[in-house]
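# Below are the sequence and a predicted model for it; my questions follow.
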Amino acid sequence: MKTIKRAAAVLSVIAGLALAWPVAAAEALKIGLILPMSGPFAAYGKQIESGVRLYLKQNGEVFSGRQVELIVRDDTGVAPEVSKRAAQELVVKDKVDILAGFGLTPSAFAVAPIATEAKKPMVVMNAATSAVTTKSEYIVRTSMTLPQNAAPIASWAARNGIRKVFTVVADYGPGLDAEAQFKKTFSAAGGEVVGEVRTPMKNPDFSPFLQRIKDLRPEAVFLFVPAGEQGIAFMKGFAERDLAGAGIKLIATGDLTDEDVLDAIGDPALGIINSFHYAESHKSPENKAYVEAYYKAYPKQRPNFMSVAGYDGMHLIAEVLKKTGGNADGDKFIEAAKGLKWLSPRGPVSIDPVTRDIVQTIYIRKVERVAGRLQNVEFDQVPDFRDPGKP
């Protein structure tokens, strides 16, 4: 009898080990983050990585039984060949399961063919040209598109008596998208674009453009430049030439008044009307919890739209793997991502099952001083807004 009991106990242990084996043996989930961690756009990479790591910290760094391993590669900014080389190494040498990050459009465009060839999911956490998701069927985006943010501010301007606008945009994919969508929406509402300028991506001198605008005296300037140094430089010139005193309003996509640079812009930002999908001041339980957790983890940073895109990108990966049982196969991953919905710190979001792009609320905001700090204060919104830059 003792022998039988002993044998039964041994079999029970073996059975238990067998049941535990799949979890214990689950391979790490390798995520390759390609981000600008140095150069003029290093703040992009820092914020996205911060959002990514915050989500991991809050969720035990394990998705569907797989330990998450982050491998970060610096693409230095607008350097497509560097991004491409980093992706090739991540796929071939590091054998990552998922490619993610992509602070700028040239990076996403360069890596898309690699994602297609390797059949790797590619989660875009910023690059905002509308066409990004068309470059590979393995791309899904958790950030935004510029047409998605430009159309609402054009509609707001037309509704509020602005009839003549001068456009200033950075001369690359997102800027061209912003310009085209603003003109399309504004013109359809009865407005007129009386002048336009496309500024170089690197080290633009805004002086001649600002003087031209002052001489022409439009009712408003519509601006899109990459978040950060360029916006600060433009605002400085706008204030120095007293364009506001000349009766010229400034309207923009929210990149201009991104929380990461608001304090550096200072008082000249007060009163700017802009449209965007996330503000630190957004009122919701989810955002209150996010902002508190972010400041606790990164006391010297303000949470911004890039951090939230990184955070949501990881949420998407985690939720997709729940649906696939931990399988990160490219085809299964993308199929599971289509139609996914969740409550983000920015509000309700979903993944368009056709375009694999994010659907979200776009808010009209005004820069105000709240409790002694500059904030983008939301006063209107366009819910469930899809990218109008796609058919």
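Received the coordinates, thanks.
# If the closest residue to E89 other than its chain neighbours is in a bridge, with which residues?
Of all residues not flanking E89 in the chain, R73 sits nearest, at 7.4 Å (C-beta to C-beta, 6 or more residues apart in numbering). Placement of C-beta: from N, CA and C, glycine included. Here R73 sits in beta bridges with I34, going by DSSP bridges.
# Can you report how many residues neighbour R73?
Using other C-beta atoms under 10 Å, R73 is surrounded by 21 other residues.
# before we move on, what about N304?
28.
# correct me, but it touches Y278?
Yes - using C-beta atoms under 8 Å, N304 is in contact with Y278, at 7.3 Å.
# Look up how far G330 lies from the residue nearest to E89.
From R73 across to G330, the span is 19 Å (C-beta to C-beta, to the nearest Å).
# How about G190?
From G190 to G330 the distance is 46 Å (C-beta to C-beta).
# One more: V82?
With C-beta to C-beta as the criterion, V82 and G330 are 24 Å apart.
# Could you check which of G190 and G330 has the larger neighbour count?
G330 (19 against 8).
# How about the contacts made by that one?
When contacts are counted by C-beta atoms under 8 Å, 6 or more residues apart in numbering, G330 touches 115, 118-121, 138.
# Now the two most distant members of those.
Across the contacts of G330, the longest distance by C-beta to C-beta is 10.0 Å; it joins A118 and P121.
# Could you check which of these two has the larger neighbour count?
Remark: of A118 and P121, P121 carries more neighbours, 27 against 17, as counted by other C-beta under 10 Å.
# tell me which element A252 falls in.
Secondary structure assignment for A252, by DSSP states H and E: strand 249-253.
# That strand - contacts with which helices or strands?
helix 146-159, strand 220-224, strand 273-276 (3 or more C-beta pairs under 8 Å, 6 or more residues apart in numbering; DSSP states H and E).
# list the buried ones in the helix or strand following the longest one?
The reference is to helix 146-159. Going down the chain from helix 146-159, the next helix or strand is strand 164-170, by DSSP H and E. For strand 164-170, burial by neighbour count (16 or more other C-beta atoms under 10 Å) applies to 165-170.
# List just the nearest of those to I31.
Scanning the buried residues of strand 164-170 for proximity to I31, where the rule is C-beta to C-beta, the winner is A170, at 29.2 Å.
# Leaving out the residues flanking it, which one is nearest to the closest one?
The nearest residue in space to A170 (C-beta to C-beta, 6+ apart) is V225, at 4.9 Å.
# just checking, the one you found touches P174?
No - counting by C-beta under 8 Å, V225 does not reach P174; the two are 9.7 Å apart.
# These two: who's more crowded?
Ranked by neighbour count (other C-beta under 10 Å), V225 and P174 place P174 first, with 28 against 25.
# I'd like the distance between that one and Y295.
P174 is 29 Å from Y295, by C-beta to C-beta.
# could you pull out the helices for this structure?
2-25, 42-58, 80-92, 105-118, 146-159, 173-188, 207-216, 229-240, 259-265, 285-297, 305-324, 330-337 (DSSP state H).
# could you redo the ones you listed as JSON lines and give each row distance to V68 and mean pLDDT?
Shown next, in JSON lines, are these (distance: least, C-beta to C-beta, whole Å; pLDDT from 0 to 100):
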{"stretch": "helix 2-25", "distance to V68": "15", "mean pLDDT": "44"}
{"stretch": "helix 42-58", "distance to V68": "6", "mean pLDDT": "97"}
{"stretch": "helix 80-92", "distance to V68": "15", "mean pLDDT": "98"}
{"stretch": "helix 105-118", "distance to V68": "19", "mean pLDDT": "98"}
{"stretch": "helix 146-159", "distance to V68": "29", "mean pLDDT": "98"}
{"stretch": "helix 173-188", "distance to V68": "29", "mean pLDDT": "96"}
{"stretch": "helix 207-216", "distance to V68": "45", "mean pLDDT": "94"}
{"stretch": "helix 229-240", "distance to V68": "33", "mean pLDDT": "90"}
{"stretch": "helix 259-265", "distance to V68": "26", "mean pLDDT": "92"}
{"stretch": "helix 285-297", "distance to V68": "17", "mean pLDDT": "98"}
{"stretch": "helix 305-324", "distance to V68": "8", "mean pLDDT": "98"}
{"stretch": "helix 330-337", "distance to V68": "15", "mean pLDDT": "98"}
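# just so I know, which of those lies nearest S344?
Between S344 and those, the tightest spacing by C-beta to C-beta is seen for helix 305-324, at 5.1 Å.
# helices and strands around the closest one, which ones?
helix 42-58, strand 62-63, strand 98-101, strand 122-124, helix 285-297, helix 330-337, strand 341-344.
# Recalculate using a threshold of 7 Å.
Judged by 3 or more C-beta pairs under 7 Å, 6 or more residues apart in numbering; DSSP states H and E, helix 305-324 is in contact with helix 42-58, strand 62-63, strand 122-124, helix 330-337, strand 341-344.
# quick one, which of the ones you listed is packed in tightest?
Stretch with highest mean neighbour count among the helices and strands packed on helix 305-324: strand 122-124 (a mean of 30; mean count of other C-beta atoms under 10 Å).
# residue contacts, D357?
By C-beta atoms under 7 Å, 6 or more residues apart in numbering, the contact list for D357 reads 133, 141, 145, 387.
# Surely the first one touches I139?
Yes - under the criterion of C-beta atoms under 7 Å, T133 lies in contact with I139, with a separation of 4.9 Å.
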